[in-house]
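J.: I'll drop the sequence and a predicted model, then ask my questions.
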Amino acid sequence: MALNWTPVATPYDGQSLKVIRWTLDASETGDAYVVAAYSDKTVQWVSTGGSGITIQGSNDPDPATTDWETLNDPQGNPLSAVTTDKIENILEHCYQLRPVAGAGVSGATVWLLLASTR
């Protein structure tokens, strides 16, 4: 089941900053969010458990043909099967991204901070 992302209002919202939130349960895939306009992307996992949550990205804007790949942190570590609360920057600059929950995940929250210097 695809879940919609939720924009989160902050005092700093605008063209250069956005905060997005997904809530996921076992084996759910969050709807993609277009991130191409933001140079800096940071993701936070909260209460993941189970087999964890993976962050995927794609440069293909066509939902019918999108091929999703696991994204990495700046050290080259895959952002996959994360089972602990943590915050990581995202290395790749892609058109869109989404979180994917593994088996046993329950009520996990994924936060995405997008920033740009424009």
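T.: Nice, I can see it.
J.: helices and strands around the strand or helix carrying Arg98, which ones?
T.: Assessed by DSSP states H and E, Arg98 sits inside strand 96-101. Contacts defined by 3 or more CB pairs under 8 Å, 6 or more residues apart in numbering; DSSP states H and E place strand 96-101 against strand 17-24, strand 29-30, strand 33-34, strand 53-58, strand 108-115. Backbone N, C-alpha and C define where each C-beta goes, glycine included.
J.: so of the ones you listed, which one's packed in deepest?
T.: Each of the helices and strands packed on strand 96-101 was scored by mean neighbour count; the highest is strand 53-58, a mean of 22, by mean count of other CB atoms under 10 Å.
J.: could you give the angle of that one to strand 96-101?
T.: With axes from the mean of the first three to the mean of the last three CA atoms, to 10 degrees applied, the angle from strand 53-58 to strand 96-101 works out at 150 degrees.
J.: and the nearest residue to Thr109 once chain neighbours are set aside, how many neighbours?
T.: Of all residues not flanking Thr109 in the chain, Val46 sits nearest, at 4.4 Å (CB to CB, 6 or more residues apart in numbering). By the measure other CB atoms under 10 Å, the count of residues near Val46 is 16.
J.: Contact partners for Val46?
T.: Val46 makes contact with Asp85, Ala108, Thr109, Val110, Trp111, according to CB atoms under 8 Å, 6 or more residues apart in numbering.
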